Each structure stands twice: as C-alpha cells, then as structure tokens.
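> attaching a predicted model along with its sequence, questions to come.
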Amino acid sequence: MTEQEKMLSGQLYFAGVPELLAARKRAKELCQRFNRTAVQDPEAGTDLLRELLGRMGEEISIQPMFWCDYGFNIRMGSHVEINHNCVILDCAPVTFGDHVFIGPNCGFYTAGHPLDAQTRNAGLEFARPIAVGDNVWFGGNVTVLPGVTIGAGSVIGAGSVVSRDIPPNVIAVGNPCRVVRTILPEEP
C-alpha cells in the first residue's frame, strides 16, 4: 500500500515520500498562481481552481489568499463563497455542499498527528475527512478539525473551534464549538 493510499484510508502514513511531496508542491504552485491572478483575471482564476480542485460546482468564489495541501481531495458543490485567507489541509477528503459561505481566516484541517511523541517524531501522521452540508455559514476565524461533519443549514459562529460533529439546522459557537440552539423554520 502506498503512503497516499494509507493517507486516504485514515491509516498512519509518512508525508515525506516523493509522491506526496510532488503533489503538495503542485498544489502550492497552483495556489500561488491563483492568488496572484484571481483578482485581475477572474476567468483565469477559475481555470486554475478547476485544475487544482477535485470537484467544483458552478458559481464558486474564492478570495485570495487561498492555500491547500493537495487540492484533489477538495470537493465543492455550487454557490460556494470563501472569503480571504482560507487554508484547507486536504490530506483526506474535504467536501462542501451547495450554498456554503465561509468567512475570512477560516481553516479546515484533516491532518492530525499521533499523541505518542515517538510515533509523531518519526514523521507519521493521519487524516480524517471533513464534510459540510448544504446551506452552512461559517463566521470568520473558524477552525474545523479532522473527522468533523457539519449538518445542512447550520451556522458556526465566528472564532469557533469545531472538534466534533454539528447536527443540521443549529447555531453552534465557541471553543470547543457547541450547539446553542436550533434554527427555527420561520427565522429569516
């Protein structure tokens, strides 16, 4: 089994192999080109995103600066808006539904490191997928940690650190992020 296969299956893997180093280099180069190009030439920026991302729906808006580890593990529905300074560590799949709004300075991190120092110091890491449903809104400075699923229609308050699953149609805030209430159907 290759290190990439281990990475995608959730096993411990070594990210320093040539195959993964090359994939990260490619992603960083495409991100750098996107960040330089997107504002002055939105069409060219969109073309670069199509080359970078694993799947991209219609009407995607990503503001520079945008960075990711691989790109090919990121899947976006349609009508996704990502504000400035987003970082997606996509060692495992990161999936966004339709109509997702992401505030500035947000991070989605699938990468994790073992608690055992000896294993961690050996350069091994793991990755767990992140899934975001339709119609989710993230305030600014939100961090989403490995293995989290966020249900459709939820709102994640600014500055939250999401370390566990969030159900659909709720407002959740804080560090650690907790549900504070359900969103009522009649609310604007």
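Arrived safely.
> how deep is the residue lying closest to R164 once chain neighbours are set aside tucked in, by neighbour count?
What sits nearest to R164 in space, not counting adjacent residues and going by Cβ to Cβ, 6 or more residues apart in numbering, is V148, at 6.6 Å. Heads up, the C-betas are built off the backbone N, CA and C, glycines and all. Summarising burial for V148: neighbours were counted as other Cβ atoms under 10 Å, giving 21.
> and for P188?
Other residues close to P188 by other Cβ under 10 Å number 2.
> do A111 as well
17.
> same check on T2?
Residues within reach of T2, counting by other Cβ under 10 Å, total 11.
> that older thread, OK, contacts around the residue nearest to R164?
The neighbourhood of V148, defined by Cβ atoms under 8 Å, 6 or more residues apart in numbering, consists of 130-131, 162-166.
> which two among those residues are spaced furthest apart?
Farthest pair in those (Cβ to Cβ) is A131 and S163. Separation: 14.7 Å.
> between these two, who's got more neighbours?
Between A131 and S163, A131 has the larger neighbour count (other Cβ under 10 Å), namely 17 against 14.
> quick check: bridge partners of that one?
A131 has these beta-bridge partners by DSSP bridges: T95, T149.
> that one contacts T149, doesn't it?
Yes. Here A131 reaches T149: they are 4.5 Å apart, a contact under Cβ atoms under 8 Å.
> which stretches in this protein count as helices?
Chain-ordered helices for the chain, with DSSP state H as the definition, fall at 3-9, 18-37, 42-52, 117-121.
> if you count neighbours, what's buried in the second one?
The neighbour-count criterion (16 or more other Cβ atoms under 10 Å) identifies 20, 23-24, 27, 30-31, 33-35, 37 as the buried residues of helix 18-37.
> the first one now?
Burial within helix 3-9, assessed by neighbour count using 16+ other Cβ under 10 Å, is assigned to 3-4, 6-8.
> the spatially closest residue to R50 that is not a sequence neighbour - how many residues pack around it?
Of all residues beyond its chain neighbours, the one nearest R50 is M56 (5.8 Å), with distances taken as Cβ to Cβ, 6+ apart. M56: 20 surrounding residues under other Cβ under 10 Å.
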